[in-house]
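J.: Sequence plus the predicted model coming up.
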Amino acid sequence: MKPTSRKNKKQKPVWERAYKAHVLWLGKQKLGKVSLLDKNHYAWEAAGKAGTVDDLDGAKQAVELAIAMADKQLDLFH
């Protein structure tokens, strides 16, 4: 049987709770951030995009969608 190492497995992004914010990490690379602006009002930023929404789940989903779109978008002049 072949020994498996942690490096061979594909890493998954993980949400981490911070003070008045949540951050999406892939290993040691920060992918996106959701910050609390006011009560029940959140700002998100990821992959060069940003926005505001009224719920935390929507903000997290927007970050994940922005990252997915950035991964799939092809270069126009390359």
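T.: Looks like it came in fine. Numbering: from 1, shown residues only.

J.: Run a quick neighbour tally on residue 26.
T.: 13 (other CB atoms under 10 Å). (Glycine included, C-beta is placed from N, CA and C.)

J.: whoops, I mixed them up, residue 12
T.: Quick note: residue 12 (other CB under 10 Å) scores 7 neighbours.

J.: and what of residue 27?
T.: Look at residue 27: counted by other CB under 10 Å, it has 10 neighbours.

J.: In contact with it, which residues?
T.: residue 11 (CB atoms under 8 Å, 6 or more residues apart in numbering).

J.: give me that answer again for 10 Å
T.: Counting by CB atoms under 10 Å, 6 or more residues apart in numbering, residue 27 touches 11-14.

J.: Which phi and psi values does it adopt?
T.: Main-chain dihedrals, residue 27, degrees, to the nearest 10: phi 70, psi -120.

J.: likewise residue 69?
T.: Torsion angles, degrees, to the nearest 10, at residue 69: phi -70, psi -40.

J.: Once you drop chain neighbours, what's closest to it?
T.: Excluding its sequence neighbours, the residue lying closest to residue 69 (CB to CB, 6 or more residues apart in numbering) is residue 47, at 7.2 Å.

J.: State whether the one you found and residue 33 are indeed in contact, as I suppose.
T.: No - the pair residue 47 / residue 33 is not scored as a contact, 11.2 Å apart, by CB atoms under 10 Å.

J.: overlap in contacts of the two?
T.: residue 63.

J.: got a winner among the contacts of residue 27 for most neighbours?
T.: residue 13 (14 neighbours).
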